[in-house]
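1. only the shape, not the letters, is given here:
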């Protein structure tokens, strides 16, 4: 048996060196994770408190993320809006226009603009301007459209039938129209 003062065997020394290398690597990974979490929280806060409404849609036009201004404009909670096709959240008279806008956005891959109406308080439709750009993400080239929503400068007559906050069709039927 070796004494406590004895030098470790070469294989033990290699194991101790590997253990120290792994500890150092783990510390660096933990530091990186903390920095990423801080960055994520920072950008999430910027997104949520942006002065305009922002939404992100998947390739099918379904809401995947939205900020606080968008939640206010839509009149729906975040949980209700996420997973719902955006076409279901605009005035029925504007659905076809929205779907054509999203299609053009995906085809052209550049910033596209469109005006639609959203439900408002007191059953008054709110005209908004969508500025949408398609982004190809992931290996499968899934298209996500980010939307900035602002009240348009040009006034347009609201649709004849103001929309209430109920969804008039199923999540899948409007997305396929």
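-> Good, I have the coordinates. Predicted, not measured: the structure shown is a model, and the values here were computed from it.
2. so where do the helices sit in the protein?
-> For the chain, the helices defined by DSSP state H occupy 10-48, 68-74, 78-81, 95-108, 171-175.
3. to residue 116, which of these lies closest?
-> helix 95-108 (5.4 Å; Cβ to Cβ). Just so you know, the C-beta spots here come from the backbone N, C-alpha and C atoms, and that holds for glycine as well.
4. what mean pLDDT does the closest one get?
-> Across helix 95-108, the average pLDDT comes to 90.
5. which helices and strands sit right next to the top strand by length along the chain?
-> Ranked by residue count and defined by DSSP state E, the top strand of the chain is strand 126-137. Using 3 or more Cβ pairs under 8 Å, 6 or more residues apart in numbering; DSSP states H and E, the elements in contact with strand 126-137 are helix 95-108, strand 112-118, strand 142-150.
6. so which elements touch the longest one?
-> With contacts defined as 3+ Cβ pairs under 8 Å, 6+ apart, helix 95-108 has these neighbours: strand 112-118, strand 126-137, strand 142-150.
7. quick one, it and strand 112-118 angle?
-> Taking axes from the mean of the first three to the mean of the last three Cα atoms, to 10 degrees, helix 95-108 and strand 112-118 form an angle of 160 degrees between their directions.
8. still on that earlier bit, winner for burial among the helices of the chain?
-> helix 68-74 (a mean of 19; mean count of other Cβ atoms under 10 Å).
9. residues in contact with it?
-> 48-55, 66, 77-78, 81, 89, 118-119, 126, 128, 149 (Cβ atoms under 8 Å, 6 or more residues apart in numbering).
10. dump the helices of the chain into TSV; add distance to residue 134 as well.
-> What follows is these, written out as TSV (distance: least, Cβ to Cβ, whole Å):
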stretch	distance to residue 134
helix 10-48	19
helix 68-74	18
helix 78-81	20
helix 95-108	5
helix 171-175	16
